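Q: starting from these lines, generate the structure:
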Amino acid sequence: MADSIITEYLITLDTDLGAAKESVIAALAERLAETGRAQDATALSEAALAREAQSATGLPGGIAIPHCRAATVTEASLAFGRLAPPVDFGAPDGPADLVFLIAAPEGTGAEHMKLLSSLARALVKPEFVTDLRAATTPGDVVALVEGVLDAPSPAKEAHADSAGATTATASNAVPAPSATAPSATTTPPSEEARVAERTIVAVTACPTGIAHTYMAADSLVAAGKRAGVTVHVETQGSSGSTPLGGETIAAASAVIFATDVGVRGRDRFAGKPVVTSGVKRAINEPDAMIADALRAANDPGATTVSGRAPGDEPAPARASETLGWGTRLRQILLTGVSYMIPFVAAGGLLIALGFLLGGYEIADNAKSIVLDNSLSALPDGGLATYLGAVMFQLGSLAFGFLVPALAGYIAFAIADRPGLAPGFTAGAVAVFVGAGFLGGLTGGVIAGFAALWIARLTVPQWARGLMPVVVIPLFASLVVGAAMFIVLGKPLAAVTSGLTNWLNGLSGTSAIALGVILGLMMCFDLGGPVNKAAYSFAVAGLSVTDSASLRIMAAVMAAGMVPPLAMAVATAIRPRLFTTAERENGKAAWLLGASFISEGAIPFAAADPLRVIPSMMAGGAVTGALIMTTGTTLSAPHGGIFVFFAVGHILWFLAALAAGTLVGALCVTVAKELVRPRAAAPAPAIVTAG
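A: Numbers count the residues shown, from 1 in each chain. Okay, the predicted model is just below:
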């Protein structure tokens, strides 16, 4: 199995692979492509850089582990470079000279993922890193890697049932309060209580689930041994995990959540003192996190995990362990939007295809055509009209889930599964009363907090099993339904109607200003929260009977196509201003931009944000303004050049897109020619969603 992961050809020793991480990743990706392990080196490099844009992969000690899962990868693989000179990958202590590019195909099997995670775990061991630096040939590196791929990890060794758990003792052990240290040969009667006082459980998880998840786990286990406590870790990564047992969790003094994504099964830890951080802190500062957890375990006022696990007593009413409310609210709303978008994309494209086959008049009688006809009894207009009606009706039904899905998954983000039913109900009520997108947002938040509040009520033991399936959905639905029907529905419907009328009345300067704002938002963070806010605004109001909404949709999509296309043009007209990797990315950006994938510009923005992002925003603003000025429309929410049939005034659409692309390309070219940064600027937090 190890031979399928790394070979000598995939190893580069003491070589200059460029001065930036983009060039290093591109060189290692090229090696993988040359051996047939990736179909497209550029696509692999872009996937790895997109992961870099989420958070840096540099680690203390001169190590970097850029990694990704991508469709272009044909076989789980490693490429290794020992760099001379080192290159900055964002580690807190300086550049990296040891770089592993970890590439996994989408849908990688569990065995391959276990091998990749084994390598990541080995990188937290100083002796392994020392041996890598001392290796003299690629064969030495292959032997070292093969030697750790099947080795048991510290986390796995320490992850035992609570009945068999042992407490590591060390000279620097932190004593538990009121605990008397036993002799090495005697187990006192209070041993079970002593172990409970000195046991910590943890969950680690990162977005990709390949490397940081497992490195954080081993770092915490090793730090626990140094502190004299047992640490049980549940790794919620790509190679699967064994959930912590109920007895293990119950015996623990505190819990650590070192995650960059949500914790699956969070309610299992309800009431436990908690320390929360991103996954990289567990790698960089594991001893500090263990110390924080021990302090929390001894602090009656410490933050605890909210909620309640089935059969447990209610959690004490203590401070929430969540992040700040601004960040938390953004996460809640983006959860709803991310689950809503697939309904929008599928429904909108089906409606557009219906128009293509049956004409715009199909909207008036699609329902009757579908119900009264069949393939053996076609309506007037023949097969095209019938299929157009079917597609339009399918799209309309899918589109009808837009607001309920938004509200349902906002409530889900707040209260987990008990929030789904009241959330979807709130969305349905919002549609019924005409409150639309605003009603879905408001109703979803109310439903989620109502479900969360009811879940925390103290109920008799016999009623606890009914709470998640009967009591919470029933009463939370009543609360949000009453709030929407009696209090909020009509005001929100009036606001929605007023907004629609205002948009329909936009003309001249007002329309241009809206187009500029939407264009700026679409190009600001290239798929991140601001981009998604503009996109959600467009799709939420999309209606084939509302010309203003069609103009807004056209402005949003055209502006979103500008960044990749502008960078493609810039790399073509001034290639000397860009690295080899960027020139290759520029070739791929043509198709990405044409397909309305704004993320195609992320590699450029991550490497040079101060010159690239403002240039892209300038181009997007020009395109958005021209679209709104010329009255160009679009009835499909996604697709780029593949939905040109759904564009009204196609020539103006192309002219606006070309103008914005040229402005963006010109701005970034001039900026790179005239503005020379004194030091490489750090990449912004460009977060992709999708």
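Q: who's in contact with residue 55?
A: The contact partners of residue 55, taken as C-beta atoms under 8 Å, 6 or more residues apart in numbering, are 260, 278, 280. Just so you know, the C-beta spots here come from the backbone N, C-alpha and C atoms, and that holds for glycine as well.
Q: so where is the stretch 101-250 of the chain shaky, pLDDT-wise?
A: For the stretch 101-250 of the chain, applying pLDDT under 70 flags the ranges 107-117, 120, 150-197, 207-211, 237-242.
Q: go with 50
A: The stretch 101-250 of the chain contains residues with pLDDT under 50 at 109, 152-196.
Q: quick revisit: highest neighbour count among the contacts of residue 55?
A: Neighbour counts for those (other C-beta atoms under 10 Å) peak at residue 280, which has 23 neighbours.
Q: got the contact list for the host helix or strand of that one?
A: Using DSSP states H and E, residue 280 sits within helix 279-284. Contact partners of helix 279-284, identified using C-beta under 8 Å, 6+ apart, comprise 55, 59-60, 92, 124, 202, 204-206, 212-213, 215-217, 219-220, 256, 258-260, 288-289.
Q: about what we covered before: can you redo the contacts of residue 55 as JSON lines with distance to residue 349 and pLDDT?
A: As requested, the contacts of residue 55 are exported to JSON lines (distance: C-beta to C-beta, whole Å; pLDDT from 0 to 100):
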{"residue": "260", "distance to residue 349": "32", "pLDDT": "75"}
{"residue": "278", "distance to residue 349": "36", "pLDDT": "81"}
{"residue": "280", "distance to residue 349": "38", "pLDDT": "78"}
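Q: phi and psi next, for residue 434.
A: Reported as degrees, to the nearest 10, the phi and psi values for residue 434 are phi 80, psi 20.
Q: that one touches residue 493, doesn't it?
A: Yes: in this structure, residue 434 is within contact of residue 493 by C-beta atoms under 8 Å, at 4.0 Å.
Q: which one's more surrounded, these two?
A: Higher neighbour count among residue 434 and residue 493: residue 493, with 18 against 14, using other C-beta under 10 Å.
Q: can you tell me the element the more buried one falls in?
A: helix 489-504.
Q: now do the buried residues in that helix.
A: Under the neighbour-count criterion of 16 or more other C-beta atoms under 10 Å, helix 489-504 has 489, 492-493, 496, 500, 503 buried.
Q: which other residues reach it?
A: 429-430, 433-439, 442, 541, 546-549, 552.
Q: buried subset of these, written for PyMOL?
A: Selecting only the buried entries of those in PyMOL, with 16+ other C-beta under 10 Å as the criterion:
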select buried, resi 429+430+433+435+436+437+438+439+442+541+548+549+552
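Q: can you count the residues close to residue 399?
A: Count around residue 399 with other C-beta under 10 Å applied: 20.
Q: what's the distance between it and residue 535?
A: 15 Å (C-beta to C-beta, to the nearest Å).
Q: also residue 599?
A: Distance from residue 599 to residue 535, by C-beta to C-beta: 12 Å.
Q: related to what we said a few turns ago, nearest to residue 381, of the contacts of residue 55?
A: Closest approach to residue 381 among these (C-beta to C-beta): residue 260, at 53.0 Å.
Q: farthest pair in the contacts of helix 489-504?
A: 429 and 547 (28.0 Å).
Q: next up, phi/psi of residue 70, please.
A: Phi and psi for residue 70, reported as degrees, to the nearest 10, are phi -150, psi 150.
Q: contacting residues for the residue nearest to it when sequence neighbours are not counted?
A: Excluding the flanking residues, the one nearest residue 70 by C-beta to C-beta, 6 or more residues apart in numbering is residue 47, at 3.8 Å. If you count contacts by C-beta under 8 Å, 6+ apart, residue 47 has them with 68-70, 72.
Q: buried subset of those residues?
A: Of these, these count as buried by 16+ other C-beta under 10 Å: 68-70, 72.
Q: ok, back up a step: in PyMOL, how would I select the buried members of the contacts of helix 279-284?
A: To isolate the buried ones among these in PyMOL, judged by 16+ other C-beta under 10 Å, type:
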select buried, resi 55+59+124+202+204+205+206+212+213+215+216+217+219+220+256+258+259+260+289
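Q: filter the contacts of helix 279-284 down to the ones in helices?
A: Taking DSSP state H, the ones among the contacts of helix 279-284 that sit in helices are 212-213, 215-217, 219-220, 288-289.
Q: okay, residue 445: pLDDT?
A: For residue 445, the model assigns a pLDDT of 92.
Q: so it is in which element?
A: helix 436-455.
Q: who are the packing partners of whichever helix or strand comes after that helix?
A: Next along the chain after helix 436-455, taking DSSP H and E as the criterion, comes helix 472-482. Helix 472-482 is packed against helix 420-433, helix 436-455, with contacts defined by 3 or more C-beta pairs under 8 Å, 6 or more residues apart in numbering; DSSP states H and E.
Q: mind giving me the packing neighbours of the longest helix anywhere in the chain?
A: Determined from DSSP H, the single longest helix within the chain is helix 325-358. Here helix 325-358 touches helix 362-372, helix 382-399, helix 402-415, helix 436-455, helix 529-540, going by 3+ C-beta pairs under 8 Å, 6+ apart.
Q: next one: that helix to chain centre, how far?
A: Remark: helix 325-358 is offset 16 Å from the chain centroid, using C-alpha atoms, centre = their mean, to the nearest Å.
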